[in-house]
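**Q** Kindly return the folded structure for what I paste below:
(one chain, ligands or ions: 1)
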Amino acid sequence: MLNPSKFKTSLVTLLFFTSITLEAKEVDLIPYEKVSDDFYVLLADGYGSNVGIKVTNDGLIIVDTMLAKSNQSLMATIESISEKPAKLVVNTHDHMDHTGNNKSFIELGAAKHTHGEMSNNDLNIVTTNVASHSSNDLLVYFPDSNVLMMGDSFTNNWYPTFWAGGLAGQTVIIDKALELANKDTTVVPGHGFITNTEGLKRYKENATNWVNRIMELHHQGLSTEDIAKDEALNNLLKRFANGVRPVKDLKRMMEHFINKTIEVELKLSTK
Ligand SMILES: [Zn+2]
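**A** This next block holds a predicted model:
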């Protein structure tokens, strides 16, 4: 178990360190939303992935831990939410923007969920045995709080990134999520804004249309550059990647994601 006094000490040390070396620069707190009595979602923007915090009687369950560089902000923000120790860390998948601070919680005494399903009133971890964004994506559902953490099987501020399992894999996971959830469920994407099952269904429809349109144009023999100019595709992008992250070269980014989509879908179709 985490020793709360140890956590306090390390935070004080950290603030002290910051004030000495960075000339009293304060630690930024990460914006968050309280989505139920005992559940908070920290918003990824600039820090890594969205993070779920479930407050239970004997400690916090933390889903995803952002980028390592966000350590000070993450620890300070969580402490501002609850003084309870972290008791369990769960990662939706193993990419570094979701796992960067696992170590800090483990060092403070939290256990780490390693693999497999888990089910109780607080927490229901569902493995789908299908690749989607990565080869091992989890759905992490909290029945009592009615919150579903989707990881990057669902992102609503970016292109769909189903690089391990293609659209087929992503569809399986989203359908599973829609089975777990109900109309009142808070659905949290890996990146982007908090929504509900309607938002998730819209994403599924748009992502499906996105892939089908790209593949249709690809099979007609169009180049990536010409596919990127397609009006239907651009309208679609506006709808499902609401507020696409500002990037220096949007045209290049669009072409990159079109190429990735074609590559993944062709690879999976020949398997
Ligand atoms: Zn991510």
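
**Q** contacts and neighbour counts: CA atoms only from here.
**A** Fine.

**Q** for this protein, what spans make up the helices?
**A** In the chain, helices defined by DSSP state H lie at 4-21, 71-81, 96-99, 102-107, 166-180, 197-219, 224-229, 231-240, 250-269, listed in chain order.

**Q** Turn those into CSV, including distance to Glu33.
**A** Rendered in CSV, the data for these read as follows (distance: least, Cα to Cα, whole Å):
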stretch, distance to Glu33
helix 4-21, 23
helix 71-81, 11
helix 96-99, 18
helix 102-107, 21
helix 166-180, 21
helix 197-219, 17
helix 224-229, 36
helix 231-240, 22
helix 250-269, 30
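
**Q** Between these, which has the poorest mean confidence score?
**A** The stretch with the lowest average pLDDT out of the helices of the chain is helix 4-21, scoring a mean of 42.

**Q** before we move on, back to that, need the winner for burial among the helices of the chain.
**A** Most buried of the helices of the chain by mean neighbour count (mean count of other Cα atoms under 10 Å) is helix 96-99; its value is a mean of 22.

**Q** What are the contacting residues of stretch 141-148?
**A** Residues outside stretch 141-148 that contact it (Cα atoms under 8 Å, 6 or more residues apart in numbering): 36-39, 121-126, 139-140, 149, 177, 180-181, 184-188.

**Q** err, stretch 216-231, not the other one
**A** Residues outside stretch 216-231 that contact it (Cα under 8 Å, 6+ apart) are 214, 233-234, 251, 254-255, 258-259, 262.

**Q** Just name the closest of those residues to Met75, please.
**A** Met254 (35.1 Å; Cα to Cα).

**Q** gap between the closest one and Gly192?
**A** With the distance defined as Cα to Cα, to the nearest Å, Met254 ends up 18 Å from Gly192.

**Q** same question, Gln72
**A** Where Gly192 is concerned, Gln72 sits at a distance of 22 Å (Cα to Cα).

**Q** I appreciate the help and will end here.
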